[in-house]
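**Q** Got a sequence here, can you build the structure:
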Amino acid sequence: MAKISLFANQFQDRFIIERQGLADIARIETDNDRSDATFEWTGPNLRPGATGQLRRATPLLGVVLRNATFLDFRIEGKFAENIEDPATAAEVREESTFVLEEGLIDPNHLTFRSVKFPDRVIRHRQFHLFAERVNTPADFQDATFRFVPPLLAGT
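**A** Sure thing, here's the model as predicted:
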């Protein structure tokens, strides 16, 4: 599994960050920000077609990014390990699984398409992450991310 950080294609100083249960793109200013912006991609590789989850690679371990359907498809951080109810565990797993695609605006980068909702991709809107349908070049830009080595050293 690869440990990575992801920045927004058009905002190279804003990274995907999960803190306090919600995912955004934000500037990295502190070690806590570096921690909150360091993920583990659970898929077999970082190439188009790979399917997996974005999991925090730092405490709070076990938190995945998922489509929060009850929050208008906002991307949230959800604890996904040791869920006792099998139906809830399956739902969290489905809503947090994505397939990598070539970036919609730049094929050298990545877009994350929801497996459960294949008409939706992770994109940022007003610096918040959502799983939404995208139709225009501006939307494609918002749904394209670049990966770099993890921002928190030693993870």
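**Q** C-alpha only now, for contacts and for neighbours.
**A** Fine.
**Q** Now do the helices in the chain.
**A** Ranges of helices in the chain, per DSSP state H, are 31-36, 86-95, 137-142.
**Q** Turn these into JSON lines, including mean pLDDT and distance to Arg120.
**A** JSON lines is the format used below for those (pLDDT from 0 to 100; distance: least, C-alpha to C-alpha, whole Å):
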{"stretch": "helix 31-36", "mean pLDDT": "96", "distance to Arg120": "24"}
{"stretch": "helix 86-95", "mean pLDDT": "93", "distance to Arg120": "11"}
{"stretch": "helix 137-142", "mean pLDDT": "96", "distance to Arg120": "11"}
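**Q** Select the longest strand from this structure.
**A** Taking DSSP state E as the criterion, the chain has its longest strand at strand 11-19.
**Q** what residue ranges in this protein score low on pLDDT?
**A** Applying pLDDT under 70 to the chain picks out residues 155.
**Q** Now do Phe98 against Ser35, distance only.
**A** 22 Å (C-alpha to C-alpha, to the nearest Å).
**Q** neighbour-wise, which of those two wins?
**A** Shown here are Phe98 and Ser35; by other C-alpha atoms under 10 Å, Phe98 has more neighbours (27 against 24).
**Q** what about the closest residue to the more buried one other than its chain neighbours, neighbour count?
**A** Excluding its sequence neighbours, the residue lying closest to Phe98 (C-alpha to C-alpha, 6 or more residues apart in numbering) is Ser114, at 4.6 Å. For Ser114, the neighbour count with other C-alpha under 10 Å is 23.
**Q** same deal with Leu22?
**A** Neighbour count of Leu22, defined by other C-alpha under 10 Å: 17.
**Q** Tell me how many other residues surround Ala50.
**A** Counted with other C-alpha under 10 Å, the neighbours of Ala50 add up to 16.
**Q** please renumber so the chain begins at 42
**A** Got it, the first residue is 42 from now on, which makes the last one we talked about Ala91.
**Q** Run through the residues that contact it.
**A** Contact partners of Ala91, counting by C-alpha atoms under 8 Å, 6 or more residues apart in numbering, are Gly84, Pro85, Val140, Leu141.
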